[in-house]
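Undergrad: Here is my input; please provide its structure:
(2 chains)
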Number of protein chains: 2
Amino acid sequence: MGRPADETSGEAHGEFALIARHFTRPPRDRSVRVGVGDDAAVVAPSPGCELVLAVDMMVEGRHFLPGADPETLGHKILAVNLSDLAAMGARPRWALLALALPDEDDAWLAAFSRGLFALAAEHGVDLVGGDTTRGPRNLCLTIAGEVPAGAAILRGGARAGDDLWVSGTLGDAMLGLAALEGRTTLDGAARAACVARLERPSPRVALGTALRGVASSMLDVSDGLTGDVAHLLELSKAGAVVELAALPRSEALDRKLAGAERSLALQCLLAGGDDYELVFSASPTLRERVAAAGRDTGVPVARIGRIVAKDGLVVNDEQGAAMAALPRAFDHFAVRRP
Amino acid sequence: MGRPADETSGEAHGEFALIARHFTRPPRDRSVRVGVGDDAAVVAPSPGCELVLAVDMMVEGRHFLPGADPETLGHKILAVNLSDLAAMGARPRWALLALALPDEDDAWLAAFSRGLFALAAEHGVDLVGGDTTRGPRNLCLTIAGEVPAGAAILRGGARAGDDLWVSGTLGDAMLGLAALEGRTTLDGAARAACVARLERPSPRVALGTALRGVASSMLDVSDGLTGDVAHLLELSKAGAVVELAALPRSEALDRKLAGAERSLALQCLLAGGDDYELVFSASPTLRERVAAAGRDTGVPVARIGRIVAKDGLVVNDEQGAAMAALPRAFDHFAVRRP
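TA: Reported below is the predicted structural model:
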């Protein structure tokens, strides 16, 4: 019964000072009628738009290790939410942040908010509210964005005959993690590039909105290509055939695939988490429009296969033979220590 | 470096099954275009409305004890968010829930979702999205609601000469906690009533919306009357004089105030947390409209003082003398074990 032993009165004051110091910035957007500091935030939606909402929670000891670099965490908790909105074709606008922290560490908060606000500024997102409390470290961010009414790109819209596409490259984040864990070696530049993909993913927001009216279905690759494509197929009541040779990858990953570490490379490509690329379907009549969306937003897009009527996901190897066993979808990755 | 030891692959499947079992219900509201199950939710805002957003996080060991009744927690995490929206005069509509759980406990989740959905149904709220992960138990709920453009009731609108009002009764939740902790005794009925106030607060949503165009400022009493009124005064750049004799209270609390436990009673009344009542200011010309809002929504409203130009909060005792020392605002309360 009763209050836990670590409870202290007066948190309110500490909490308010902390919010003011690190999380109150003048809104960049006139849509923000009331930001941090009232019972709730008030924002003005755009006429003719629908609202798109997502939330992600990152827990110390599960999604990142104790001692993880706070600036990286600030970037990542927003990035994963932006990626969810990108996958709907939505424009992100407003964020709310709930934080449980074991202590009031000013340096940690300064770095965390720096990482968060840098990415928020890049995408025109205002932090409009939140909650802070003491507890095991837990970062929970809610993002709200907008899409013209009816224009959201859902998981369930793929139709047999559609092409299947993916943005960027796959597997680098997992390859970076493998390097950090000593399970593989990479030369300096490749290692830095892969670790950056793991720690500071670039959500494909501009590409996502450019694919409105083009993609018939879309989702973001956060748990690994095969697992995530399976969700898309399930909701679309369709199947897909994917060509391994067509999967876009970095030079470093390509070398592993051709060499002694092929098994690791396959795991990275097909089941690597934390890619935060977009996978989407589109009619073959729209190939030029897909390519244009990629060009206009500076994000490479690769056609990796096609949607078929027959249920299930088939991956053909370089010889065109269906792979017998697919690596399992990967779970969460850790963000490394500073 | 690397992944924490408790990481397992295949969480995805367990997670999806769990969401489907406990948190996927058909939307009650046609505004929900896409609910749980895509990258994000899509909802249609009402024309002419602004969006009101709030988030609250409750942590095991801080806001509630290990073993706390899950149905009560499901009620409470939504109730505290609804109270924030009530305090803006907003109508709650859509919720997102992020949960960190130490284990996949079906009975716990069934009870938790029962508590959550019962209150959600009462207020016409749809759960449209969320996130679940393994970790120290943490409940994080985001609420989105609506208010006609410009009609949100803010903290900063109180003006000298306004009346100060409060809904319901103050201090019962803290009195209930004191009884649970053995710091006071209450007869059976009073004890049950006070503990219910602590564990299953009734957010004053209907009263909040009824006060649009009437209240000049408002907030909810979650940390204790004096502390919360201080926030309102700070943003309104005003002061207030409150009459102790006018503070609405239960019979049980009134008896303590008149007796040997006056000090505890004062703490409950003036600095008891978890009341989730609304405190608001309104012009004296609108007294009848305030009374009507209370009558129409079945929530008593009491005029407890007035807004003055001079900074600071003065509480007059029953003899009209300013109290020298006010009890400090209270911190969080625990939800008791089942």
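
Undergrad: what does the stretch 101-250 of chain A put close to chain B?
TA: A:128-131, A:133-136, A:138, A:140, A:142-145, A:147, A:149, A:152, A:154-156, A:177, A:180-181, A:218-220, A:223, A:227, A:235 (C-beta under 8 Å from any C-beta of the partner chain). Yep, even glycine has a C-beta here, placed from its N, CA and C like the rest.

Undergrad: now with 6 Å?
TA: Selection of the stretch 101-250 of chain A residues close to chain B by C-beta under 6 Å from any C-beta of the partner chain yields A:129, A:131, A:133-136, A:138, A:140, A:142, A:152, A:154-155, A:180-181, A:219, A:223.

Undergrad: Apply the buried test to these and list what passes.
TA: A:129, A:131, A:133-136, A:138, A:140, A:142, A:152, A:154-155, A:180, A:219, A:223 (16 or more other C-beta atoms under 10 Å in any protein chain shown).

Undergrad: Which members of the residues you listed define the maximum pairwise distance?
TA: Taking C-beta to C-beta as the measure, those span a maximum distance of 39.2 Å, between A:134 and A:154.

Undergrad: Which members of the buried ones among the residues of the stretch 101-250 of chain A next to chain B are positioned in helices?
TA: residue A:180 (DSSP state H).

Undergrad: Show me the buried ones among the residues of the stretch 101-250 of chain A next to chain B that map onto strands.
TA: If you go by DSSP state E, those have A:129, A:131, A:133, A:134, A:138, A:140, A:142, A:219 in strands.

Undergrad: low-scoring stretches of the stretch 1-150 of chain A, by residue?
TA: By pLDDT under 70, the weakly predicted segments of the stretch 1-150 of chain A are A:1-16.

Undergrad: same question but for the stretch 201-338 of chain A, I mixed them up
TA: Using pLDDT under 70, the flagged stretches of the stretch 201-338 of chain A are A:328-338.

Undergrad: in it, which spans are helices?
TA: Along the stretch 201-338 of chain A, counting by DSSP state H, counting those that start in this stretch, helices occupy A:205-210, A:225-236, A:251-258, A:262-271, A:287-297.

Undergrad: same thing with the stretch 1-150 of chain A?
TA: A:11-23, A:70-86, A:106-122.

Undergrad: And the second one, what does it pack against?
TA: When contacts are defined as 3 or more C-beta pairs under 6 Å, 6 or more residues apart in numbering or on different chains; DSSP states H and E, helix A:70-86 sits against strand A:49-59, helix A:106-122, strand A:138-148, helix A:205-210.

Undergrad: buried residues in the shortest one?
TA: Buried positions in helix A:205-210, judged by neighbour count with 16+ other C-beta under 10 Å: A:205, A:206, A:207, A:208, A:209, A:210.

Undergrad: From the chain's centroid, how far away is it?
TA: 13 Å (C-alpha atoms, centre = their mean, to the nearest Å).

Undergrad: and the closest residue to residue A:289 other than its chain neighbours, how many neighbours?
TA: Nearest residue to residue A:289, sequence neighbours excluded (C-beta to C-beta, 6 or more residues apart in numbering or on different chains): residue A:214, at 4.9 Å. Here the number of neighbours of residue A:214 (other C-beta atoms under 10 Å in any protein chain shown) works out to 19.

Undergrad: So residue A:214 sits against residue A:286, correct?
TA: Yes. Here residue A:214 reaches residue A:286: they are 5.3 Å apart, a contact under C-beta atoms under 6 Å.

Undergrad: correct me, but residue A:54 touches residue A:144?
TA: No. Residue A:54 is beyond contact range of residue A:144, at 8.4 Å (criterion: C-beta under 6 Å).

Undergrad: Can you name the residue of the stretch 101-250 of chain A nearest chain B?
TA: residue A:135 (3.4 Å; C-beta to the nearest C-beta).

Undergrad: Quick check on that residue: phi, psi?
TA: phi 160, psi 180 (degrees, to the nearest 10).

Undergrad: Could I get the contacting residues of it?
TA: A:100, B:59, B:62 (C-beta atoms under 6 Å, 6 or more residues apart in numbering or on different chains).

Undergrad: redo that, cut-off 8 Å
TA: Shown in contact with residue A:135 (C-beta atoms under 8 Å, 6 or more residues apart in numbering or on different chains): A:100, A:101, A:102, B:57, B:59, B:60, B:61, B:62, B:136, B:138.

Undergrad: Between all of the residues you listed, which two are separated the most?
TA: A:101 and B:60 (15.0 Å).

Undergrad: More neighbours: those two, which one.
TA: Legend: neighbour count by other C-beta under 10 Å for residue A:101 and residue B:60, higher for residue B:60 (23 against 19).

Undergrad: so how far is residue A:63 from the nearest residue to that one once chain neighbours are set aside?
TA: Counting by C-beta to C-beta, 6+ apart, residue B:60 lies nearest to residue B:137, which is 3.8 Å off, once chain neighbours are set aside. The gap separating residue B:137 from residue A:63 is 16 Å, by C-beta to C-beta, to the nearest Å.

Undergrad: Compare the two and say which is more crowded by neighbours.
TA: Between residue B:137 and residue A:63, residue A:63 has the larger neighbour count (other C-beta under 10 Å), namely 28 against 22.

Undergrad: wait, the more buried one sits on residue B:133?
TA: Yes. Between residue A:63 and residue B:133 a contact is recorded at 7.3 Å, counting by C-beta atoms under 8 Å.

Undergrad: quick one, domains of chain A?
TA: A:15-148, A:155-316 (automatic domain parsing).

Undergrad: possible to save those as TSV with distance to residue B:308?
TA: Below are the domains of chain A laid out as TSV (distance: least, C-beta to C-beta, whole Å):
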stretch	distance to residue B:308
domain A:15-148	22
domain A:155-316	50
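
Undergrad: and residue A:123, how far is that from residue A:86?
TA: For residue A:123, the distance to residue A:86 - C-beta to C-beta - is 10 Å.

Undergrad: Correction: the previous question concerned residue A:266.
TA: With C-beta to C-beta as the criterion, residue A:266 and residue A:86 are 26 Å apart.

Undergrad: Who has more neighbours out of these two?
TA: Neighbours per residue, other C-beta under 10 Å: of residue A:266 and residue A:86, the larger number sits with residue A:86, 33 against 22.

Undergrad: What is the burial count for residue A:243?
TA: 17.

Undergrad: any idea how far it is from residue A:230?
TA: Distance from residue A:243 to residue A:230, by C-beta to C-beta: 17 Å.

Undergrad: Ok, residue A:81 next?
TA: 22 Å.

Undergrad: hmm, back to that, show me the common contact partners of residue A:123 and residue A:86, please.
TA: Between them, residue A:123 and residue A:86 share the contacting residues A:203, A:205, judged by C-beta under 8 Å, 6+ apart.

Undergrad: I'd assumed residue A:211 was in contact with residue A:89.
TA: Yes. Here residue A:89 reaches residue A:211: they are 5.9 Å apart, a contact under C-beta under 8 Å.

Undergrad: Mind listing the shared neighbours of these two?
TA: Joint contacts of residue A:89 and residue A:211 (C-beta under 8 Å, 6+ apart) are A:153, A:218.

Undergrad: Leaving out chain neighbours, which residue sits closest to the spatially most central residue of chain A?
TA: The structure's chain A has its C-alpha centroid closest to residue A:80; by C-alpha atoms, centre = their mean the separation is 3.3 Å. The shortest distance from residue A:80 to any non-neighbouring residue, by C-beta to C-beta, 6+ apart, is to residue A:56 (4.9 Å).

Undergrad: So what pairs up with that neighbour in the strands?
TA: When assigned by DSSP bridges, residue A:56 has beta-bridge partners residue A:141.

Undergrad: So it versus residue B:30, what's the distance?
TA: 27 Å.

Undergrad: Tell me the spacing between the residue of the stretch 101-250 of chain A closest to chain B and residue A:127.
TA: With C-beta to C-beta as the criterion, residue A:135 and residue A:127 are 20 Å apart.

Undergrad: got it, and residue A:324?
TA: 48 Å.

Undergrad: Compare these two (neighbour count), which wins?
TA: A direct count of neighbours by other C-beta under 10 Å for residue A:324 and residue A:127 places residue A:127 higher, at 23 against 7.
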